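In: the sequence and its predicted three-dimensional model are supplied below.
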Amino acid sequence: MTSLKRILAVVLCLVVSALPMLGAPPDAPQHAGQINALIPAATRNAQPAKAKDDLQWNDLLQTAHTGRLRAGLADGSILSVGSDSQLRVVQHDAASQQTSLEMNYGKLRSRVVKITQPGGKYEVKTPNAVIGVVGTDFYVGYQGNRTTVICYSGVVKVTALAGAAAAITLNAGQMVEITSEAPPSGYQPQTTPQGVQEASMQDTDVPDVGPVVAQGHLLRNLIIGLGVAATGWAIGITQLKTNPSAPPPVTKGKCPPISPNCG
């Protein structure tokens, strides 16, 4: 009898431990990070994006001509998406450090934490190139079948998808442009002009409070101020009509004759 009770206890433990796995839907969303700041107009999965929105695997982020967006990934990496851009967070596993992003068009700055896990990777794919890093700060732009990669710090490896060209290694201060046809001598790292690097940083800068929001607050405060002034003026007129014998307001230095309230 005792042996039977032990067997039943073991079976019960196994069933209880399996319940969480049985209850979880197979297509449950997987957490990737969070949207930290944005300038309208920006969307997540075709819906208006908001600060503090969670990011899940396969989420599609898109910005309009006036929009920008900044997101923090679960491992501490930061994505800054410029205007007129579309980026898909295909995968981000913070524990194993497996990150895959796809940029169909636009501008992206990635500040990536150092990868220390065996087999860890951080990749950004455009229609004609794959950019891989170990832990660095870099920019990727794609427009008109041209991928532009700028390395701000660390090391970036860029592989053109067309042809059998070897990966190009970029160090801090270098850039490369991948096009539909590789040059005869192959792609070579170039020194990034100062103006080009500054422009890429400005194009992906996302402040905590966007200019549109600040203007909205200014307009709101102006309307409130005008409303308070109008209310005070209306109250004064009403009092004057209901009490015409009330003495005129006191103005220092300009007292009306025979005014007991004049100071």
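Out: In hand now; what should we look at? Numbers count the residues shown, from 1 in each chain.
In: contacts and neighbour counts: CA atoms only from here.
Out: Noted.
In: strands paired with the longest strand belonging to the chain, and their directions?
Out: As assigned by DSSP state E, the longest strand anywhere in the chain is strand 98-111. Its sheet considered, strand 98-111 pairs with strand 78-81 (antiparallel), strand 85-93 (antiparallel), strand 121-126 (parallel), strand 137-143 (antiparallel) by DSSP bridges.
In: surely residue 156 is within a strand?
Out: Yes - looking at residue 156 with DSSP: H, G, I helix; E, B strand; the rest coil, it is inside a strand.
In: touching, residue 94 and residue 74? I think so.
Out: Yes - counting by C-alpha atoms under 8 Å, residue 94 does reach residue 74; the two are 5.8 Å apart.
In: between these two, which contacts overlap?
Out: Here residue 94 and residue 74 share the contacting residues residue 32, scored by C-alpha atoms under 8 Å, 6 or more residues apart in numbering.
In: what residue ranges in the stretch 1-150 of the chain score low on pLDDT?
Out: The stretch 1-150 of the chain contains residues with pLDDT under 70 at 1-28.
In: could you rerun that using 50?
Out: 8, 10-26 (pLDDT under 50).
In: show me where it has its helices.
Out: Shown for the stretch 1-150 of the chain, the helices assigned by DSSP state H, counting those that start in this stretch span residues 2-23.
In: how many residues are close by the closest residue to residue 70 other than its chain neighbours?
Out: Nearest non-adjacent residue to residue 70, counting by C-alpha to C-alpha, 6 or more residues apart in numbering: residue 80, 4.4 Å away. Per other C-alpha atoms under 10 Å, the neighbour tally for residue 80 reads 23.
In: thought residue 80 was touching residue 203?
Out: No - under the criterion of C-alpha under 8 Å, residue 80 is not in contact with residue 203, lying 9.4 Å apart.
In: most packed of the strands paired with strand 98-111?
Out: strand 78-81 (a mean of 24; mean count of other C-alpha atoms under 10 Å).
In: which residues outside that one are in contact with it?
Out: 63, 68-73, 87, 106-112, 204-206.
In: ditto for stretch 65-74
Out: Contacts of stretch 65-74 (C-alpha under 8 Å, 6+ apart): 31-42, 63, 78-84, 92-94, 204, 206.
In: what comes up buried for that stretch?
Out: Within stretch 65-74, the residues that count as buried by 16 or more other C-alpha atoms under 10 Å are 67, 68, 69, 70, 71, 72, 73, 74.
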